[in-house]
Structures are given as C-alpha cells and as structure tokens.
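Trainee: the following block contains a protein sequence and its predicted model.
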Amino acid sequence: MKRSPWTCLAVPTAAITLTLASIVHAAPTTVPAPAVPPPSPTVPVATLANPPPSPPPRPEGTLQLADAVRLAMSRNERAKIAEFQADVADAAVERARTAFFPTLVTSANDTIKPNEPTRAGASAPPNQIGGWNTTLAQPLLNASAWPLLRQAQRLFDAQRATSDDAKRILEFDAANAFFTALSQEEALEAAQRRVDLAKANLADTQAQVDAQLASVNDATRASVDLASAQQQLETTIGQVNRAYFALGFLMNEPVTGPLSQPTATLQAAIVPVNNAETLVGIAEQKRLDLIASKHSARAAELFASEPMLRLIPTVGISANLTGTTNTDVTGRWNDESVVATATWTVFDAGVRYADKHSRDASASIAALQLDTLVRSVANDVRTASALLAASQAALRSAEGGVTAARQSVDETEILYKQGLAKAIELVDANNSRFLAETSYAAAQFAVAEAYLALRQAMGLEPIGTELR
C-alpha cells in the first residue's frame, strides 16, 4: 500500500508532545541547539545584554564618513556660497569705513569757441582754453558714522558665524545621507539573506514533495515566498541607489558603495546621556546661530542709535587747486584755496525721529528673537537627548527581537522537516526574521542619527565621539 504524505502526522498526541519536547529541550548530543547567526547590522552594541557577534569587515578602500563630509565641504556649492556671503559682509565694513577717509577729486575741461572781433590794436583772446580742478576733502567730525561702522562690523561677525553654521549644516546633511545609505545597504543584505533562505526552503520543500513527504501546496507556498523575497530585494536595490544618489549629490561625486562602518561614531552613539542640562550649557556657548543672533541684536541697537547723532554738526576741511591756460585776465595759471566747513542740520523735517522710532522697534524685535533662540537651543538639546535615549531603548528591544526571530526560523525548519509544522508556518517565520532584521538595522541607525541630531543641537561637528 502506498504511503500517504501525511502518515507522519497520524501518531498519538503524546508522541507529538514528546517529539516536540525532545527538539526544544534535548541535550546537545541528541539534537543540537539552533545556532543563532550574527545580526545583519554591524553597529557595536557593547552596552546591550548578550550582544550579537560582529559580521565580517567590509572591503578596504570603501567610502568613510570623514571622507564624505570632507568631499561635501570641498566640492558642494553651498560651502562656497557661504564664504562669498561673508565676503559681502566684509565689503560692507569697508564701505562704512570710508566715511572717515579723505577724498581726492580731479576734473579737467577744454573749451573751444569761434574767433571774436576785437578793437583795433587789442590782442585777440584765445579761441581754445583748457582748465582743471583738484579738490582734497577730509572729514574731521562725523558722529553718525561711528555707529554705522560698528553696526557693519557686528553684521560681519554675524554673517561669519552664519556662514560657518551653514557649512556645519552641510556637514551634518552629508553625515545623515551617509547613514541613510548605510542603513539601506544593511536592508539590502537582509533582503538578500531572505532570498537565499527562500531558495533553500523551496529546494527542501520540493525534495519533500518528490519524496511524497509534503504536499504540492507546500511547494507552491514556498514559491510564493521566494517571489515575494525577490520583489523585496529589487525594491531595496532601488532604495540603495536612491540613497547613493542623494549622498553623491551632496558630495558632488558619484557614490557606488559599499560604505564603511564609522565604528567610533556608532560606539559613541550607544553611550547613555546622563545630564542634559550640562549639554544645554555647552550648546549655549557653541551654537553658531546663537552667536550670529547676538551679533545681529547688537547691530540693531547700534543702528538705532545713529539718527540722534545727526544732531551733532559735521566738520570738515578741503583744499582746492585750479589751473587754466587763459592767463590774460589774472596773469596766473593757477589758484589755490583751503576751506573749513561746519554743517548743522537743525531740522530735517522729522526724518531722524522717524528713523529712530523705526530702528528702536527693529532692535526690540531682534532682542526678542534672540531670547526665543536661546530657549529654542535649550529645547533642541533636551529633545535630541530624549530622542537618543528612546532610540537606545528601542535598539535593545530590537536586539532581543532579531535573536528570537532567528531562533524561531531554526526551530520551525526543524519541525517542518520532521513533518510537525506546515509550510505556511516556515514562510511566516522567515518573514518575521526579515522584518526583525530590518527593524534591528533601522534601530541601530536611528541611534546613530539621533546621536548626530544631539551633536547638531549642541553646535558640535558631526565627526566626534565626545559631547563637549
């Protein structure tokens, strides 16, 4: 009589229970315990309980995090634009300084006129006369120019800090894009492992079907699982390429991968943050946007003080030298003079008072914006610190989930080969393993991104392992 594919299931319930118990609890000499392979991500988890072993290192010569940041700073147009913006502010300082320097103006003319009739015996005047004029002027007292010069200097300091901060933000954009690409690479490795497992499961299932130990439906389910895994693999390949393009755009250079794990940064990311208030104090000293806002607020105060200084008279001195080719009238070809001037605008139709009122309001706005930014800096640091702590906790949970999911796959595979589990259960276990691995990879790089966010909120550079 031909054996039914399901004969192995026609056993007493007690026998099934005994068999399952022997699989899970038997000594290693009878049934080896399922070996737990290392997790797909390679982020160090030194502070986690039972950390999984590290995978093999990536090939040498791959793109480093520091290289990505350096290339973005040297090749991205945003860094160059920031420098030119500082040059514009520096030129404004030069322009304000000219109010204290002398001016030298020279002009010349040549006049040609037709011959004029003259009396008998009189000499005819020349019909072509040339002349020139040179004026040297030096301001001696211009009270309103001083606050304008100091304002320009403060605005330059503000723009210098703003430009440096713009380049720092570019560094963080490059670092975040690097970690995004690295995360997608880990997802791609997990998707490839899922395809390999699906192919192996399909081969095992087909062998069981050929041996009449499993139904054709099991092979069909295994084929569906393989197709789903291959679809996920192709989707992940597209996401990896998209992340490469984003990183390459910031670097202004094509990226092909693979990327190198920034071990030092990843290890620093899992260190718990003890006191967020200490970090707030560091941020208030280092945040470049806060420094720029302080300079801008002071510049607004100086600009508001200028209108009332117009009440002080301006004093200057000038020297004038003229020359002409027509010496018939005076008998001299040159003439010199020195003039001292004092100008006092007693009433300017109320312009200075209107300017004062407007600029006082602008200075108050700048002061309030500074106060808001100070509170915002503290809030940014506290928020980033809380996010980092939550990400570290999520990573610990994900580590346990990926270990359990891999053990579940191994146990389900053993049960399936003994006829004690269905194909759908093995497919579900493999899917759960893939989801756990991708979640673990996402949790690891979420910790890294949260660490970068904290460093950015504190005003630090993306490359570094200490929060100070």
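Mentor: Noted; the coordinates are in hand.

Trainee: drop to CA atoms for contacts and neighbour counts, all remaining ones
Mentor: OK.

Trainee: the strand ranked longest in the chain packs against which elements?
Mentor: Criterion DSSP state E: the longest strand present in the chain is strand 128-141. Using 3 or more CA pairs under 8 Å, 6 or more residues apart in numbering; DSSP states H and E, the elements in contact with strand 128-141 are strand 103-112, strand 314-324.

Trainee: just say which of the ones you listed is most tucked in.
Mentor: Per-stretch averages of neighbours, counted by mean count of other CA atoms under 10 Å, single out strand 314-324 among the helices and strands packed on strand 128-141, with a mean of 16.

Trainee: report all helices and strands that the helix or strand following that one contacts.
Mentor: Next along the chain after strand 314-324, taking DSSP states H and E as the criterion, comes strand 334-343. Applying 3+ CA pairs under 8 Å, 6+ apart, one finds that strand 334-343 makes contact with strand 314-324.

Trainee: just the angle for the strand it packs on relative to strand 334-343, thanks.
Mentor: 160 degrees (axes from the mean of the first three to the mean of the last three CA atoms, to 10 degrees).

Trainee: what's the spacing between strand 314-324 and its chain's center?
Mentor: 57 Å (CA atoms, centre = their mean, to the nearest Å).

Trainee: need the helices and strands packed on strand 128-141 in JSON lines with distance to F172, can you?
Mentor: Output for the helices and strands packed on strand 128-141, formatted as JSON lines (distance: least, CA to CA, whole Å):
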{"stretch": "strand 103-112", "distance to F172": "48"}
{"stretch": "strand 314-324", "distance to F172": "51"}
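
Trainee: any chance of the ones you listed in a markdown table, plus distance to D173 and mean pLDDT?
Mentor: Putting the helices and strands packed on strand 128-141 into a markdown table (distance: least, CA to CA, whole Å; pLDDT from 0 to 100) gives the following:
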| stretch | distance to D173 | mean pLDDT |
| --- | --- | --- |
| strand 103-112 | 48 | 90 |
| strand 314-324 | 52 | 93 |
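
Trainee: to N430, which of the ones you listed lies closest?
Mentor: With CA to CA as the criterion, N430 lies closest to strand 103-112 of the helices and strands packed on strand 128-141, at 83.4 Å.

Trainee: give the partner strands of that closest one in its sheet and their orientations.
Mentor: strand 128-141 (antiparallel) (DSSP bridges).

Trainee: off-centre distance for the next helix or strand along the chain from the strand it pairs with?
Mentor: The helix or strand immediately downstream of strand 128-141 is helix 145-210, counting by DSSP H and E. Put simply, helix 145-210 sits 9 Å off its chain's centre (CA atoms, centre = their mean).

Trainee: which strands or helices does helix 145-210 pack on?
Mentor: helix 65-75, helix 77-97, helix 216-251, helix 288-305, helix 423-458.

Trainee: distance to E277 and mean pLDDT added to these, as TSV?
Mentor: Output for the helices and strands packed on helix 145-210, formatted as TSV (distance: least, CA to CA, whole Å; pLDDT from 0 to 100):
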stretch	distance to E277	mean pLDDT
helix 65-75	29	95
helix 77-97	32	96
helix 216-251	33	92
helix 288-305	17	96
helix 423-458	11	86
